[in-house]
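S.K.: Take a look and give me a structure for this.
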Amino acid sequence: MQAQPLRLVIAGQADHGKSTLIGRLLLDTGSIDSERLEDLRRCSEEAGMTNQWAFLVDQFESERLEGLTIDASHVFFRTAARAFVLIDVPGQAQFLRNMITGATHAEAALLVVAADEGPGDQTRRHALLAALLGIERLVVACNKMDLVGFSEERFARVAAETRALLASLAIEPLCVVPISAGRGDNLLAPGAAMPWYSGPSLVEAIERIAALEPDALPARFVVQDSYAFDGRPCVAGRLVSGLLREGDRLLAYPAESPARIREILRFPERHDPAETGECVALALEAEAGGAAEAGRGSVLAEARGAAPTVSRGLMGRVFWWGEDPLELGQGLTLRCSTQETVASVTEIFRTIDSSTLEVAEGGAQRLDAPNVGDVLFAAEREIVTEPFQRLPALGRFVLERKGVAAGAGIVLPDPPPSGRSPA
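M.R.: Purely as a prediction, here's the structure:
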């Protein structure tokens, strides 16, 4: 099976140069064509700028004219060693929702910190987000080294500050690389302007990030729809982890009804195992006299091995961006994969200020934006989940208020006893 691209979220303080970095990576790896280069020159001239590599990434006119990134964008590029999907997320606090939406699908992170400014409030917020989402594999790019005269002393100071920030969140960066994205120094190969640096280039550093093996996880299939085909019950959906083969025995949660895969339906037709990430249909047949029934929101899991969690209670780490605070007793719509239910807040164990990283332990009455809290929910019906650290696809959820997303979170293990905050 061909290796999947590494999904790498790139984040950092506004104006620290992450969009410029992505644009330069696209250019230097040969991942853009002449038409896009001409578009770059045109947009740069219209904005009164020269060779703004960020324009290769920033996709809205308002982004180009104001020099900021608004929405999360996905950019594909390939080096000699491997392929990447870079998820560019906005730095501004007002675009927090877009940032979280992008980051929840990442396997690793690239944190951009400007050498002339060092880590700031948005840097701390992005680092906190990475920690909360369990993104432990992280590379730091110390950008804009040209603005500090390629000073080894300044690099050492910023690297130490960034390492201390990440250490407070229990993250050890894989490496800190000094670069100049605008000039291209130390992106693909060591730069002559920094002879004192003996570590890997930025591309070498991200190429070394080990790939996850989702096929090695237990099989989980989330059902989007159900229908009958030639009189047989079928379900359509996505395999979010593991492998499924024709003949495999499954349990449909939350009811735990047994079924067997009679056929994997695809177009064009083929019958090899379904792999992680595939959207397919499964023709099911009943097992042990039961009814092979599953509808939207059901989760099919292999009958052997560890079962997912089925419960009306959910402990989650919530990043809240709603205009009004999240309060005890409040009811919201909770969505996890294709599942949807109404859930209410029963307890808030602790809150974390996303700008200062200050933690308030003990029970809280509310969670203000744009902060983080460990929250216990009571759902109206059973939902099927997995702790995020074990299986991310069933460990993410979104919270909606009046049909508008107001927060997102990850599933934690069981709630702590006696109101204590989880580790």
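
S.K.: ranges for the helices of the stretch 1-150 of the chain?
M.R.: 18-28, 34-46, 61-66, 96-103, 121-132 (DSSP state H, counting those that start in this stretch).

S.K.: which strands and helices sit next to the last one?
M.R.: With contacts taken as 3 or more Cβ pairs under 8 Å, 6 or more residues apart in numbering; DSSP states H and E, helix 121-132 sits against strand 6-12, helix 96-103, strand 108-114, helix 152-167, strand 309-320. For every residue, glycine as well, the C-beta is placed using N, CA and C.

S.K.: Indicate which one of those is closest to residue 346.
M.R.: With Cβ to Cβ as the criterion, residue 346 lies closest to strand 309-320 of the helices and strands packed on helix 121-132, at 8.0 Å.

S.K.: Now do the closest one, average pLDDT.
M.R.: Averaged over strand 309-320, pLDDT sits at 93.

S.K.: can I assume residue 285 is in contact with residue 234?
M.R.: No: counting by Cβ atoms under 8 Å, residue 285 sits too far from residue 234 to count as a contact (10.6 Å).

S.K.: Looking at these two, which is more packed in?
M.R.: Higher neighbour count among residue 285 and residue 234: residue 234, with 19 against 12, using other Cβ atoms under 10 Å.

S.K.: where does that one land on pLDDT?
M.R.: So, for residue 234, pLDDT stands at 91.

S.K.: same check, this time on the one 3 residues further on
M.R.: Residue 237 is assigned a pLDDT of 95 by the prediction.

S.K.: swap in residue 98?
M.R.: Looking at residue 98, the pLDDT reads 56.

S.K.: same thing with the one 4 residues further on?
M.R.: Looking at residue 102, its pLDDT stands at 56.

S.K.: Same check on residue 31?
M.R.: Reported pLDDT for residue 31: 76.

S.K.: same question, residue 41
M.R.: Note on residue 41: pLDDT of 61.

S.K.: and what of residue 335?
M.R.: 95.

S.K.: Same check on residue 254?
M.R.: The model's pLDDT for residue 254 equals 94.

S.K.: buried stuff in stretch 129-144?
M.R.: 129-133, 135-144 (16 or more other Cβ atoms under 10 Å).

S.K.: Closest one of those residues to residue 159?
M.R.: Closest approach between these and residue 159, by Cβ to Cβ: residue 142, at 6.2 Å.

S.K.: now that closest one, nearest residue through space, not along the chain?
M.R.: residue 178 (4.8 Å; Cβ to Cβ, 6 or more residues apart in numbering).

S.K.: Now for the residue nearest to residue 356 when sequence neighbours are not counted, how many residues are close by?
M.R.: Nearest residue to residue 356 in three dimensions, chain neighbours excluded: residue 124, at 7.3 Å (Cβ to Cβ, 6+ apart). Applying other Cβ under 10 Å, we find 20 residues neighbouring residue 124.

S.K.: Now do residue 124 against residue 181, distance only.
M.R.: 21 Å (Cβ to Cβ, to the nearest Å).

S.K.: re the thing from before, okay, the helices and strands packed on helix 121-132, which one's buried deepest?
M.R.: Looking across the helices and strands packed on helix 121-132 with neighbours counted as mean count of other Cβ atoms under 10 Å, the highest average goes to strand 108-114: a mean of 26.

S.K.: and the buried residues of stretch 129-144, which of them are in strands?
M.R.: 138-143 (DSSP state E).

S.K.: Looking at those, which is nearest residue 389?
M.R.: Nearest to residue 389 among these, with distances taken as Cβ to Cβ, is residue 138, at 15.7 Å.
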